[in-house]
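>>> Let's see this in three dimensions:
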Amino acid sequence: MTDTAAPRTPAWPPRSAPRLFVPGPLAEGDVVPVEGPQAHYLGRVMRLSPGDAVILCDDVTGEWVARVGDVGKRALSLIVEARLRGREGVPDLTLCACLLKKDRFDLVLEKATELGVARIQPVIARRCVADSLNMERARALVTEAAEQCARTALPEVLAPMKLSALLAGWPAERTLFFADEAAAHPEGGLPTAPAAEAFRTGGPLAAILIGPEGGFEDGERAAIRALAAARPVALGPRILRGETAAIAALALWMGVAGDWQ
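Reported below is the predicted structural model:
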C-alpha cells in the first residue's frame with residue numbers, strides 16, 4: 001500500500017532561527033539593515049541565505065519574523081513579515097546588586113536577564129572591589145542574554161549608584177528585600193525572615209539588595225535596616241558569594257511571587 005499522505009509542512013519560523021534585538025518600532029514590510037557584528041553573526045557564523053528566517057525584537061512592539069533579503073560582504077537586509085507576539089510583561093522587580101569583580105558581575109547581568117528581572121541597579125558600597133561599570137558593554141551583555149532566552153523585553157540597566165544615594169531616594173511603596181549575610185551567623189543576633197516567606201507577602205513592587213564580596217559594613221547594614229521599606233531576609237544557613245546570592249534570590253522570588261507560578 002502506497003503512503004499518499006502529504007509531506008509535513010516545516011514549522012515557520014523554525015525554532016532554530018536566530019534572534020536579534022534591533023531598533024524599533026518595527027512594522028510589517030519594514031526593511032531592516034544589519035551591519036557590523038550582527039551582520040557577521042548572521043552571514044558568516046549562521047551562514048544565512050536570502051529567504052532564511054530571523055526573529056527580531058525591538059523592545060517596543062514585541063517579536064517579529066523577518067526574512068533575509070540582500071546579503072553583502074559586510075551587511076545584509078531583513079524584511080519584516082509578521083508579528084509573532086507582543087512585548088512581554090515582566091514582574092516589576094529590581095535587582096540592586098553591589099558591583100563585583102568583572103567576570104562575576106557579568107554573570108549577574110546575564111542570569112538576572114534570563115530570570116526575568118525588570119531592571120538592574122548596580123550599587124557601590126564601601127567594600128566593593130569596583131566603583132565603575134562599562135555601561136555599553138553591560139547593555140550588550142543583557143541584550144545577548146535576552147536573545148538567548150527568548151525575552152522580548154530588555155531589562156533596564158541603570159548607572160551605578162552609591163548605596164547612600166540609593167537609600168536616600170528610595171520610594172516608600174517599593175519593598176527592599178535586603179539579603180543579610182549576617183543571618184548565617186546566629187551570634188549576630190539580627191532578626192530576619194526566611195526569604196521565601198518574606199517574598200510571598202512583599203507586594204507587587206519589589207527590589208532585592210545584594211551586598212559586595214566583603215559584605216556590608218555595620219554602618220551600612222544599620223542604614224539599610226533604618227529604611228522603612230527594607231525587609232531583611234535570609235538566604236539559607238551558608239554565606240553565599242555575591243553572584244550566587246543574586247541568582248538564588250531572583251530564582252526564589254520568581255518562584256513564589258513572580259511569573260514562575
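>>> and stretch 163-174, C-alpha only, in PDB?
Taking Å, rounded to 0.1, in the frame of the first residue of the first chain, the C-alpha atoms of stretch 163-174 are listed here in PDB:
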ATOM      1  CA  LEU A 163      24.400  52.900  48.500                       C
ATOM      2  CA  SER A 164      23.800  56.100  50.500                       C
ATOM      3  CA  ALA A 165      22.200  57.800  47.500                       C
ATOM      4  CA  LEU A 166      20.100  54.700  46.800                       C
ATOM      5  CA  LEU A 167      18.700  54.600  50.300                       C
ATOM      6  CA  ALA A 168      18.200  58.400  50.400                       C
ATOM      7  CA  GLY A 169      15.900  58.300  47.300                       C
ATOM      8  CA  TRP A 170      14.200  55.000  48.000                       C
ATOM      9  CA  PRO A 171      10.400  55.100  47.100                       C
ATOM     10  CA  ALA A 172       8.300  54.100  50.100                       C
ATOM     11  CA  GLU A 173       6.000  52.000  48.100                       C
ATOM     12  CA  ARG A 174       8.700  49.500  46.900                       C
END
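>>> Can you give me the buried ones in that stretch?
Judged by neighbour count using 16 or more other C-beta atoms under 10 Å, the buried positions of stretch 163-174 are Leu163, Leu166, Leu167, Trp170, Arg174. Bear in mind the C-beta positions are built from the backbone N, C-alpha and C, glycine included.
>>> what's the answer for stretch 89-102, then?
Val90, Pro91, Leu93, Thr94, Leu95, Cys96, Ala97, Cys98, Leu99, Leu100.
>>> So which of these are in strands?
Leu93, Thr94, Leu95, Cys96, Ala97, Cys98 (DSSP state E).
>>> mean confidence for the helix or strand hosting Arg137?
Using DSSP states H and E, Arg137 maps to helix 135-148. Mean per-residue pLDDT for helix 135-148: 97.
>>> what pairs with the helix or strand following it, and is each one parallel or antiparallel?
Moving toward the C-terminus from helix 135-148, the next helix or strand (DSSP H and E) is strand 156-157. Using DSSP bridges, the strands paired with strand 156-157 are strand 119-124 (parallel).
>>> pLDDT averaged over the partner strand, what's the number?
98.
>>> for stretch 61-72, same thing?
Stretch 61-72 comes out at a mean pLDDT of 95.
>>> Quick check: buried residues in the helix or strand where Ala222 lies?
According to DSSP H and E, Ala222 maps onto helix 218-226. Across helix 218-226, burial judged by 16+ other C-beta under 10 Å covers Glu220, Arg221, Ala223, Ile224.
>>> Can you add distance to Ser16 and pLDDT and give these back as TSV?
Putting those into TSV (distance: C-beta to C-beta, whole Å; pLDDT from 0 to 100) gives the following:
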residue	distance to Ser16	pLDDT
Glu220	48	96
Arg221	49	94
Ala223	50	96
Ile224	46	96
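>>> Which two among these are spaced furthest apart?
Within the buried residues of helix 218-226, Arg221 and Ala223 form the most distant pair, 7.3 Å apart (C-beta to C-beta).
>>> Outline the domain layout of the chain.
Domain segmentation of the chain under automatic domain parsing yields 19-85, 93-256.
>>> As a markdown table, the ones you listed with distance to Pro13 would be great.
A markdown table is the format used below for the domains of the chain (distance: least, C-beta to C-beta, whole Å):
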| stretch | distance to Pro13 |
| --- | --- |
| domain 19-85 | 4 |
| domain 93-256 | 12 |
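>>> hey, which of those is tucked in deepest?
domain 93-256 (a mean of 18; mean count of other C-beta atoms under 10 Å).
>>> what about it, start to end distance?
End-to-end distance for domain 93-256: 13 Å, by C-alpha to C-alpha, to the nearest Å.
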